[in-house]
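Novice: Structure, please.
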Amino acid sequence: MNAEIWLHTCWGNPAQQRLVDDPSYQRSMAYLLEVDADVVTFECASTMGRDLPLFARQETTKKLAIGVVNHTNTVVESPASVADLIRRALEYVSPERLIISSDCGFGREGISRRIAFHKCVALVQGTNIVRKELGLPEATVRAADPRFAFAE
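Specialist: As a prediction, the model looks like this:
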């Protein structure tokens with residue numbers, strides 16, 4: 001069987017509350033990158049990418065999935081702020097090894113579906129900004145297409 005194995009890291013999300021006051025991967029980064037997995041996820045939106053420079057200190061061929069939207073607050077990120085975080089990550093991770101994701105997830109008892117939907121739209125729109133800058137194909141975002149909006 002051939003499968004891509006992901007290692008999920010999470011700071012927790014009981015009722016949208018932070019479990020760690022000052023989260024950082026600094027002490028665990030080297031160990032996380034030694035795990036027998038193809039992709040390691042990192043929550044970066046909630047810390048505004050504070051740990052991104054740690055990637056420069058570690059040699060790895062793993063893919064790195066970074067969260068660019070925060071699952072613990074109800075404020076929808078702008079596509080521009082998503083793009084800024086992706087650009088910062090690209091200072092330390094090559095585009096072919098970078099995966100764009102959300103911090104953790106929106107499941108169980110987290111954010112409402114409506115807010116999660118808009119955060120996902122912002123995630124794709126922000127990623128498209130950077131893809132365009134890199135000359136890569138952009139993903140279709142039907143949810144942002146004015147043809148599908150309610151008429152006034």
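
Novice: what's the burial count for the spatially closest residue to R88 that is not a sequence neighbour?
Specialist: Leaving out its chain neighbours, the residue that sits closest to R88 by CB to CB, 6 or more residues apart in numbering is G49, at 5.0 Å. Glycine gets a C-beta too; all of them are placed from N, C-alpha and C. By other CB atoms under 10 Å, the residues close to G49 number 21.

Novice: Looks to me like G49 is in a helix.
Specialist: No - G49: not assigned to a helix; according to DSSP: H, G, I helix; E, B strand; the rest coil it is coil.

Novice: could you check the distance from it over to E91?
Specialist: Going from G49 to E91 by CB to CB, to the nearest Å gives 10 Å.

Novice: pLDDT score assigned to P23?
Specialist: pLDDT for P23: 81.

Novice: go on, S46?
Specialist: pLDDT, S46: 87.

Novice: mind checking the SS state of it?
Specialist: Going by three-state DSSP: S46 is coil.

Novice: check contacts around it.
Specialist: Shown in contact with S46 (CB atoms under 8 Å, 6 or more residues apart in numbering): W11, R18, P23, G67, N70, H71, T72, D103.

Novice: least confident pick among these?
Specialist: R18 (60).

Novice: Please, where are all the strands along the protein?
Specialist: Taking DSSP state E as the criterion, the chain contains strands spanning 6-7, 39-42, 63-67, 98-101.

Novice: Mean neighbour count and distance to V141 added to those strands, as TSV?
Specialist: Listed next are these as TSV, based on neighbours: other CB atoms under 10 Å; distance: least, CB to CB, whole Å:
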stretch	mean neighbour count	distance to V141
strand 6-7	15	24
strand 39-42	22	23
strand 63-67	23	19
strand 98-101	18	13
